[in-house]
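Q: pasting the structure only:
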DNA sequence: ATAGTTTTGCAACTCAGTTGCATTAAATTA
DNA sequence: TAATTTAATGCAACTGAGTTGCAAAACTAT
């Protein structure tokens, strides 16, 4: 499993997530480390950290890929981050929601994961 | 409002959806009309039909854009197609689900829409 | 230090989706 | 039904997120 070396690139990315516990799109992350780190590396570091269970990914609107820190209890073995996400259509910010949404069982289907994205206006943009 | 001309391109696309009431990705649609219609036209026709309330769109896994025929009652004024979708991770097929999923209200947020995508194995791929 | 891997940077690529513009085809009017 | 207006189409070139191959650099262990 844990074949993630603690390289400069890895700590740079982790620092970003630790400095501000907020979901970020890959595009934004690449922007944040511009000049310091190559975009290919960003993609690869994120991949590895997700496999390690340190961060989790999901698709925002427009199909862009986003990442956020995992809740406690995630590991490379199992991801518990099946929570819904909310994205503001004005400022584009994403929030991880700790809602427990119950989806009725589907007959004759094996459901592995549930992606829920709510769109609307966040608190700041509402007022 | 109804500024959609009934062109050959429009009827070609509509025929595809009527021949088989099944969600289709744009990529697949372009493939289906290859040689007959330009891909730009496909995108534009789909855009217009969605605005008219004839079809609705959503993002499949991998962020690809998908379209499916609308339920009765949709129009350019309001789309009622907020139903969840199920996508098979083996054969990639998508099904529109007529489940009613209740999402708890979010404080201080204005929620406009809810995108739900379930991933797993469909009936055919389960057995 | 040395050897063996993993990581990184870079450049080139893929592929979904978009744009500008000239041409064509609907719909409208006379 | 021919002329006119306006929307729709085709084409080519572009954009931008994400990927790939490979050589060079940086970890880790011996």
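A: Received, thanks. None of the values given here were measured: they were computed from a predicted structure. Numbers count the residues shown, from 1 in each chain, chains lettered A, B, ... in the order given.

Q: can you pull the pLDDT of residue A:21?
A: If you check residue A:21, the pLDDT there is 88.

Q: quick one, what contacts it?
A: Residue A:21 sits next to residue A:69 when contact means CB atoms under 8 Å, 6 or more residues apart in numbering or on different chains. Glycine gets a C-beta too; all of them are placed from N, C-alpha and C.

Q: Okay, now the unreliable bits of chain A?
A: For chain A, applying pLDDT under 70 flags the ranges A:1-3, A:72-81.

Q: what do you get if the cut-off is 80, keeping everything else the same?
A: Residue ranges of chain A with pLDDT under 80: A:1-4, A:70-82.

Q: list the buried ones in the longest helix belonging to it?
A: Among the segments of chain A that qualify as a helix by DSSP state H, the longest is helix A:39-52. Within helix A:39-52, the residues that count as buried by 16 or more other CB atoms under 10 Å in any protein chain shown are A:41-42, A:45-46, A:48-50, A:52.

Q: Let me know the closest of these to residue B:116.
A: Distance to residue B:116 across the buried residues of helix A:39-52 (CB to CB) is lowest for residue A:50, with 21.7 Å.

Q: Does the closest one touch residue A:56 like I think?
A: Yes - if you go by CB atoms under 8 Å, residue A:50 and residue A:56 touch, sitting 6.3 Å apart.

Q: Could you save the buried residues of helix A:39-52 as CSV and add columns showing distance to DNA strand C?
A: What follows is the buried residues of helix A:39-52, written out as CSV (distance: CB to the nearest atom of the strand, whole Å):
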residue, distance to DNA strand C
A:41, 3
A:42, 8
A:45, 5
A:46, 10
A:48, 6
A:49, 10
A:50, 13
A:52, 10
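
Q: Residue A:113 - that's part of a strand, no?
A: Yes - assessed by DSSP: H, G, I helix; E, B strand; the rest coil, residue A:113 belongs to a strand.

Q: Grab the nearest non-local neighbour of it.
A: residue B:119 (4.8 Å; CB to CB, 6 or more residues apart in numbering or on different chains).

Q: Contacts only, for the residue sitting nearest the centre point of chain A.
A: Note on chain A: the residue nearest the mean C-alpha position is residue A:67, at 2.2 Å, using CA atoms, centre = their mean. Contact analysis of residue A:67 by CB under 8 Å, 6+ apart lists A:17, A:23-26, A:29, A:46, A:49-50, A:55-57.

Q: and the longest helix of chain A, what other elements does it pack with?
A: On a contact count with 3 or more CB pairs under 8 Å, 6 or more residues apart in numbering or on different chains; DSSP states H and E, helix A:39-52 meets helix A:8-19, helix A:26-32, strand A:55-59, strand A:65-69.

Q: JSON lines please, covering those and showing distance to DNA strand D.
A: JSON lines is the format used below for those (distance: least, CB to the nearest atom of the strand, whole Å):
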{"stretch": "helix A:8-19", "distance to DNA strand D": "5"}
{"stretch": "helix A:26-32", "distance to DNA strand D": "4"}
{"stretch": "strand A:55-59", "distance to DNA strand D": "8"}
{"stretch": "strand A:65-69", "distance to DNA strand D": "3"}
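
Q: So for residue B:83, which of those sits nearest?
A: That would be strand A:55-59 among the helices and strands packed on helix A:39-52, by CB to CB, at 18.4 Å.

Q: That closest one vs helix A:39-52, what angle?
A: Interaxial angle, strand A:55-59 versus helix A:39-52 (axes from the mean of the first three to the mean of the last three CA atoms, to 10 degrees): 110 degrees.
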